[in-house]
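**Q** For reference, the sequence and a predicted model appear below.
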Amino acid sequence: MTGLLRWQWQGYPRNHATRANLLLHIVVVPLFLVGNVLLVWSVVRGAWLMAVLAVGVSVVSIVVQGIGHRKEPVPPEPFTSPFNAVARILCEQWLTFPRFVLSGGWLRALRSATVARG
């Protein structure tokens, strides 16, 4: 996992360079996290309808991020397997993006951001 985190961190500014994608991420990554927490809470409580809603929130967040990434000059590396997709998504959402924000990287990237291509 440390190799994945190191790899994500090294490429993060390169794959998050447009204003639109950065602004999308600052809104929808927290939604993904809330969806994950709500999912765990719902399963523990047996609130199955809420669990479905939580999964929906997380999926919408990932779809919106995917739309943002399509406008990046350097797109993310393709997933190599279902396990790779889940590991990368969870690591990015829970660790790499929060680190990017807390380290000041998000704000620096926003200040030097390019306009998304058409």
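**A** That came through, no problem.
**Q** quick check: longest helix of the protein.
**A** helix 19-45 (DSSP state H).
**Q** Determine the set of other helices and strands touching the helix or strand following it.
**A** The helix or strand immediately downstream of helix 19-45 is helix 48-70, counting by DSSP states H and E. Using 3 or more C-beta pairs under 8 Å, 6 or more residues apart in numbering; DSSP states H and E, the elements in contact with helix 48-70 are helix 19-45. From N, CA and C alone the C-beta is placed, and that goes for glycine too.
**Q** Check which helices and strands the helix it packs on is in contact with.
**A** helix 48-70, helix 97-102, helix 105-111.
**Q** Save the ones you listed as a markdown table, and put in distance to residue 88 and mean neighbour count too.
**A** Listed next are those as a markdown table, based on distance: least, C-beta to C-beta, whole Å; neighbours: other C-beta atoms under 10 Å:
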| stretch | distance to residue 88 | mean neighbour count |
| --- | --- | --- |
| helix 48-70 | 11 | 15 |
| helix 97-102 | 12 | 17 |
| helix 105-111 | 18 | 16 |
